[in-house]
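Engineer: Please work out how this folds:
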Amino acid sequence: MNRKFFAIHSWLGLIGGIFILILTMAGSLLLFAPEMEGDLPTVTNIRGGARLPLDTLVAAVRGRYPDGAISGFRSFPEREDRPYTIAMNRGGGLRMVLISPYSGEIIRLVDFEETLPRKLLALHRSLFNRPWGELFVALFGVVLLLSTITGAVFYRRAILNVFRHGFRLRPRHLIANVHTTVGVLALLFNLVMAGTGIYLIWPVFGRILGGEKRDARPAVVKGYGSIDSMVAESRRVLPGFQPTGVMFPQGKELLVRVMGTMAGTSVFLGEGSSSVTFTADGAVKESVDIGAAPFSVRLDKVIRAVHFGGRWPLPVRLLYLLGGLAPGVLSISGFFLWRRRNQRGERRADHLPVVLQPREEMVEQVIS
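Structural biologist: Residues are numbered from 1 along each chain as shown. Sure, this is the predicted structure:
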């Protein structure tokens, strides 16, 4: 039985190793997307502290880029000396307009499609090929999950011994020690990342099997009410609501969604997890206080926050980085173990009575 689990574990690692390495490396780097994007430029307050209305900023961007379709405020600045970031579809791609909230001056136009975080996200989600790349990513997530489970079953005694006696590194079996040690340390992390990743990308199967076509850039509707009035109304509808961004109507949905965070919301529920949705004429259609939402909705937010982890404090993101690199280390060390085992031919364990071999030595001989 152990040999069967080891064979399954080995072949899963060989089949998906290189792709899992690429996906985990891209995902690890995405943890530091805010740092990659760089600091936003500072703006000068020339109006004595009063910011221009959001509707005025939208009008300024429309006047400057009449061929663009504004899709919303990506985020509201947390600091008084930072510009607003307005997302806009223009020229077949996503652009970010940095605009001063005090003067309405367009500071910078950023081609978001060409930024490193955007490219890493496309690689991590779809291998630069939608929708089939998304399907392969989902399959590799299943491979990682199964590889982790079969590895945990095969090394179950070694895992228990780690908790009982700690790690015992032996120079003669360096690669095997590295593979086992990293596997034990990253066991729970790999299970969580693989499971949450499969959950997030699972809808791809339904779209492909159902023949649904997904527009790369849904058309942005331009006719809707005052954004400032909707943001103010969202605070009234949900006391304690702190707006963090606005999504404008897109595609067939004539809805404006003000996203934000309720005071005291857990970091596990993610930023912008609460929202108030308006019809195009400004009437409230739906409000979501994530703290009072159904369990399924809160679970979905937790899964997304746990998988992405990009808004968490730096120490937590560094732990994520180490965990994200683990599948890569396991893929590389596992390949060398498989190659060395094939070069050595039959294992010495086949010529010795099983009763004479301690469990730990059996594990080392199987993988060495």
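Engineer: Shouldn't residue 94 be within a strand?
Structural biologist: Yes - residue assignment for residue 94, taken from DSSP: H, G, I helix; E, B strand; the rest coil, places it within a strand.
Engineer: if you skip the residues just before and after it, what's nearest to the most centrally placed residue in the chain?
Structural biologist: Using Cα atoms, centre = their mean, the residue of the chain that lies closest to the mean C-alpha position is residue 308, 3.2 Å off. Closest residue to residue 308 apart from its sequence neighbours, by Cβ to Cβ, 6 or more residues apart in numbering: residue 30 at 7.6 Å. Quick note: C-beta positions are derived from backbone N, CA and C, even for glycine.
Engineer: what's the burial count for the one you found?
Structural biologist: Neighbourhood size, residue 30 [other Cβ atoms under 10 Å]: 21.
Engineer: helix, strand or coil for residue 243?
Structural biologist: strand.
Engineer: tell me which residues of stretch 258-278 are tucked away?
Structural biologist: Buried residues in stretch 258-278, counting neighbours by 16 or more other Cβ atoms under 10 Å, are found at 258-262, 265, 269-278.
Engineer: for this protein, longest helix please?
Structural biologist: Counting residues, the longest helix in the chain under DSSP state H turns out to be helix 314-344.
Engineer: tell me the pLDDT at the residue nearest to residue 321 when sequence neighbours are not counted?
Structural biologist: Closest residue in space to residue 321, ignoring its immediate chain neighbours: residue 28 at 5.1 Å, by Cβ to Cβ, 6+ apart. Among the per-residue scores, residue 28 holds a pLDDT of 85.
Engineer: Can you tell me how far residue 28 is from residue 333?
Structural biologist: Distance, residue 28 to residue 333, using Cβ to Cβ, to the nearest Å: 17 Å.
Engineer: What of residue 286?
Structural biologist: Per Cβ to Cβ, residue 286 is found 50 Å from residue 333.
Engineer: Name the residue in the two with the higher neighbour count.
Structural biologist: residue 333 (22 against 12).
Engineer: ok so, going back, now, among the buried residues of stretch 258-278, which is nearest to residue 176?
Structural biologist: residue 270 (39.3 Å; Cβ to Cβ).
Engineer: follow-up on the earlier one: and the buried residues of stretch 258-278, which is closest to residue 14?
Structural biologist: Nearest to residue 14 among those, with distances taken as Cβ to Cβ, is residue 270, at 35.8 Å.
Engineer: pLDDT score assigned to that closest one?
Structural biologist: Value for residue 270, per-residue pLDDT: 65.
Engineer: Residue 63: neighbour count?
Structural biologist: 10.
Engineer: Against residue 105, how distant is residue 62?
Structural biologist: To residue 105, residue 62 is 15 Å away according to Cβ to Cβ.
Engineer: actually residue 75, not the one I typed
Structural biologist: Taken as Cβ to Cβ, the span from residue 75 to residue 105 is 19 Å.
Engineer: re earlier: buried residues in the longest helix of the chain, which are they?
Structural biologist: Buried, per 16+ other Cβ under 10 Å, within helix 314-344: 317, 320, 323-335, 337-338, 341.
Engineer: cool, stretch 295-312 as well?
Structural biologist: In terms of neighbour count (16+ other Cβ under 10 Å), stretch 295-312 has its buried residues at 298, 300-310, 312.
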